[in-house]
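Enquirer: Sharing a model that was predicted from the sequence below.
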Amino acid sequence: MSTEDETTTPTNFIRNIIQADLDSAKHAAVQTRFPPEPNGYLHIGHAKSICLNFGIARDFNGKCNLRFDDTNPEKEEEEYVHAIINDVKWLGFEWSEEHYASDYFQQLYDYAVVLIKQGKAYVDSLSAEQIREYRGTLTKTGIDSPDRNRSIEENLELFAAMRAGKFEDGKYLLRAKIDMASPNINMRDPALYRIKRAHHQRTGDDWPIYPMYDYTHCISDAIENITHSLCTLEFEDHRPLYDWVLDEIKTPCHPQQIEFARLQLKYTITSKRKLNQLVTDNHVVGWDDPRMPTISGLRRRGYTPASIRDFCNRIGVTKKDSFIEVAVLENSIREDLNEHAVRMMAVLKPLKVTIENYPEGQVEELTAKNHPQKEEMGTRNISFSKTIYIERDDFLEDAPKKFFRLSVGREVRLRYAYYITCTGFVKDENGDVIELICTYDPATKGGSSPDGRKVKGTIHWVSADHAIDATVNLYDRLFTHPNPAACDDFTEHLNPESLTVLNNCKLEAALANASTDIHYQFERVGYFVKDNKTKNLSFNRTVTLRDTWAKLDKQNQ
RNA sequence: UGGGCCGUCGCCAAGCGGUAAGGCACCAGGUUUUGAUCCUGGCAUGCGCAGGUUCAAAUCCUGCCGGCCCAGCCA
């Protein structure tokens, strides 16, 4: 198995910190964790975090846990847990231990009691709205709640009653007693526990109260002996609270929280809420729609785990807000697929070609390479006959000089077959070219001529009688705006051409046995993978080939 | 406007006081039975700006400017 991308992971500021901690013997071994909330599918942004956390564990001989941050039963579902497990495995990582924050509910509760006994937490009866008012603003300090000095005994009683399910949602709230005048709003007596009489997918109806993220996360990390707790930049302001909780309850382990910038990809949305909306409002067909930036969508699109890991290695890890260009992701998948994809011939928009001087009824078996540079990938046979299909784009009635393809009087090479020269064409009543008439040179079998004459262009083709029919899905970016998330309504910037379905594609016969886990290059067209959800033979375009001609053509217009 | 964080090539990103790595993109050539791949070369007298310290500053100091995040009983 290739571990190329794993041995070349560049260093970054977090790896440097960890290396220093290991060198100074602050830690004997590193322990990280990947902590998704099971409220949606994993996306390319999560891949960055996964590669960071699991990659560090791997490279420093440490361990990485998978922990579900399942403290909000109203938004979380078991389906997501399964999908997340599947995606992390597919990306190629194995966790040391699998945990759920909900497994710590009792310990979390016990620690809360400890805080109350220390006079560091209190039960507040203010309404949500009042709490907002009392909190103050960015420039105005907050005001103490009237309940702030409730006695420890009373707090203990009320919290026990909360836990016993005696109150309605929102009636009381357990808060940390820190500092209502703190310039950091997160320290103005943050909520620790809320009453939420909701059914939890793992703990059922055991708990009518659920702990908040800030309180849960740090303790969960401490319980698991995490050494470095890596999270995204927006939690930077929460770090003082993370440290406060662990300092107050005096856990033997106090992980170091380190923040890094989340991935932002141009023309892409990476917000579970918004991705969920795309699915719910049917802008796409499911979380694994090949246009989605989800791991499952990328997988169905034909991206490989190695290409995603390579991408994560290339983009780096820093604290700087950045926007990665889609070209970087495309480069990663092209590099992998160029190396591993099996070459095939497929005509997406067929144009019939009749080779006048080729014997009627004759069929020849020609040999084609499965990879032009890798002999070990072998060869296959393809049938050639009098009537073939070529790509519509490979013929132009009025062709510019630099157009190295077919036009009346021009000669091209049919890949692995013969040189043909166009002698005429047939149009239908609309004036559209529907058939080409060509002649072939029998001496050029295999694609080279004994007289050494050169043809500038080589085009792909497929024998009409031997081709198989298939549907091909062409995907383009889902959004037309480079930063849809920043727009008032991101759905207004959906690309109407994000999916083009081609129903009359003609593929070489070998593709009848295509497998969903083999990646193909349709020569001169792009990389494709068989769709794993459709009954009829159908292929998804992963990414196009680089197309210098298309670029030149565009520049000339 | 309180607090936190960030500004090195179009997009990423090394650099941590000794005179600007690398990748993507782009440009120019070469090879090629995929206008693919591959190969060669080009691409920051400059590190947000302005001062200062120093023999020497992207790196240290001061002051500005710009951007991002925080006022959920979400994570």
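Expert: Structure received.
Enquirer: which SS class is A:Leu502?
Expert: Classification of A:Leu502 using DSSP: H, G, I helix; E, B strand; the rest coil returns strand.
Enquirer: Could you check how far the residue of the stretch 451-557 of chain A found nearest RNA strand B is from A:Arg524?
Expert: Using CB to the nearest atom of the strand, the single residue of the stretch 451-557 of chain A nearest to RNA strand B is A:Thr548, 3.0 Å away. Glycine gets a C-beta too; all of them are placed from N, C-alpha and C. Using CB to CB, to the nearest Å, A:Thr548 is found at 12 Å from A:Arg524.
Enquirer: More neighbours: these two, which one.
Expert: Set side by side, A:Thr548 and A:Arg524 show more neighbours around A:Arg524, with 18 against 8, by other CB atoms under 10 Å.
Enquirer: burial measure for the residue nearest to that one when sequence neighbours are not counted, as a count.
Expert: Excluding its sequence neighbours, the residue lying closest to A:Arg524 (CB to CB, 6 or more residues apart in numbering) is A:His460, at 5.3 Å. Look at A:His460: counted by other CB under 10 Å, it has 23 neighbours.
Enquirer: now do A:Ile437
Expert: For A:Ile437, using other CB under 10 Å, the count is 15.
Enquirer: And A:Ser125, by the same measure?
Expert: A:Ser125 has 14 nearby residues by other CB under 10 Å.
Enquirer: A:Gln264 now?
Expert: Neighbour number of A:Gln264 under other CB under 10 Å is 16.
Enquirer: List the contacts of it.
Expert: A:45, A:270, A:321-324, A:483 (CB atoms under 8 Å, 6 or more residues apart in numbering).
Enquirer: returning to that earlier point: and the residue of the stretch 451-557 of chain A closest to RNA strand B, how far from A:Ser332?
Expert: 20 Å.
Enquirer: can you check A:Lys266 too?
Expert: When A:Lys266 is compared with A:Ser332 (using CB to CB), they lie 15 Å apart.
Enquirer: Quick check: chain neighbours aside, which residue is closest to the closest residue to RNA strand B within chain A?
Expert: Residue of chain A nearest RNA strand B, by CB to the nearest atom of the strand: A:Gly447 (2.0 Å). In this structure, A:Gly447 finds its nearest non-sequential neighbour in A:Arg413, 5.2 Å apart by CB to CB, 6+ apart.
Enquirer: Do you know the pLDDT at that neighbour?
Expert: With respect to pLDDT, A:Arg413 scores 98.
Enquirer: Likewise for A:Gly452?
Expert: pLDDT, A:Gly452: 88.
Enquirer: neighbours around it, how many?
Expert: 6.
Enquirer: Then A:His27?
Expert: 16.
Enquirer: who's in contact with it?
Expert: A:His27 sits in contact with A:21, A:227, where contact means CB under 8 Å, 6+ apart.
Enquirer: How about the secondary structure of the residue lying closest to A:Thr270 once chain neighbours are set aside?
Expert: Spatial nearest neighbour of A:Thr270, chain neighbours left out: A:Gly45 (4.0 Å); criterion: CB to CB, 6+ apart. With three-state DSSP as the basis, A:Gly45 sits in helix.
Enquirer: Can you tell me the element the residue nearest to A:Ser383 when sequence neighbours are not counted falls in?
Expert: Counting by CB to CB, 6+ apart, A:Ser383 lies nearest to A:His466, which is 4.2 Å off, once chain neighbours are set aside. Using DSSP states H and E, A:His466 sits in no helix or strand.
Enquirer: Please name the residues that touch A:Ser49.
Expert: A:Ser49 neighbours (CB under 8 Å, 6+ apart): A:34, A:230, A:232.
Enquirer: try it again with 7 Å
Expert: A:Phe34 (CB atoms under 7 Å, 6 or more residues apart in numbering).
Enquirer: Please name the nearest non-neighbouring residue to A:Thr141.
Expert: Nearest to A:Thr141 is A:Ala181, by CB to CB, 6+ apart, at 4.2 Å.
Enquirer: Tell me the confidence at the one you found?
Expert: The model's pLDDT for A:Ala181 equals 97.
Enquirer: since we're on it, how many residues are nearby?
Expert: Using other CB under 10 Å, the number of residues around A:Ala181 comes to 13.
Enquirer: mind checking the SS state of it?
Expert: Once three-state DSSP is applied, A:Ala181 turns out coil.
Enquirer: So what does it look like in phi/psi?
Expert: phi -100, psi 10 (degrees, to the nearest 10).
Enquirer: wait, isn't it in contact with A:Ile143?
Expert: No: in this structure, A:Ala181 is not within contact of A:Ile143 by CB atoms under 7 Å, at 9.1 Å.
Enquirer: Spell out which parts of the stretch 301-450 of chain A neighbour RNA strand B.
Expert: A:314-325, A:327-328, A:330-331, A:334-335, A:338, A:343, A:371-373, A:402-405, A:413, A:415-416, A:446-448 (CB under 7 Å from any atom of the strand).
Enquirer: tell me which residues of stretch A:423-443 are tucked away?
Expert: A:425, A:436, A:438-441 (16 or more other CB atoms under 10 Å).
Enquirer: Let me fix that, I meant to ask about stretch A:130-146.
Expert: A:131, A:134-136, A:142, A:145.
Enquirer: Which residues does it contact?
Expert: Taking CB under 7 Å, 6+ apart as the rule, stretch A:130-146 contacts A:124, A:126, A:180-181, A:185, A:188-189.
Enquirer: how about the strands in the stretch 301-450 of chain A?
Expert: Assigned by DSSP state E, counting those that start in this stretch, the strands in the stretch 301-450 of chain A fall at A:342-344, A:346-347, A:350-355, A:364-369, A:379-384, A:387-391, A:411-414, A:419-427, A:433-441.
Enquirer: nearest to A:Val284, of those?
Expert: strand A:346-347 (25.3 Å; CB to CB).
Enquirer: Please enumerate the strands of the stretch 51-200 of chain A.
Expert: With DSSP E, counting those that start in this stretch as the criterion, the stretch 51-200 of chain A has strands spanning A:63-68, A:98-100, A:121-124, A:173-176, A:191-195.
Enquirer: Mind putting the ones you listed into JSON lines with mean neighbour count and distance to A:Glu356?
Expert: Formatted as JSON lines, the strands of the stretch 51-200 of chain A follow (neighbours: other CB atoms under 10 Å; distance: least, CB to CB, whole Å):
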{"stretch": "strand A:63-68", "mean neighbour count": "23", "distance to A:Glu356": "65"}
{"stretch": "strand A:98-100", "mean neighbour count": "17", "distance to A:Glu356": "67"}
{"stretch": "strand A:121-124", "mean neighbour count": "24", "distance to A:Glu356": "90"}
{"stretch": "strand A:173-176", "mean neighbour count": "24", "distance to A:Glu356": "85"}
{"stretch": "strand A:191-195", "mean neighbour count": "21", "distance to A:Glu356": "80"}
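Enquirer: Turn these into JSON lines, including distance to A:Phe479 and mean pLDDT.
Expert: Below are these laid out as JSON lines (distance: least, CB to CB, whole Å; pLDDT from 0 to 100):
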{"stretch": "strand A:63-68", "distance to A:Phe479": "30", "mean pLDDT": "98"}
{"stretch": "strand A:98-100", "distance to A:Phe479": "34", "mean pLDDT": "98"}
{"stretch": "strand A:121-124", "distance to A:Phe479": "43", "mean pLDDT": "98"}
{"stretch": "strand A:173-176", "distance to A:Phe479": "39", "mean pLDDT": "98"}
{"stretch": "strand A:191-195", "distance to A:Phe479": "36", "mean pLDDT": "98"}
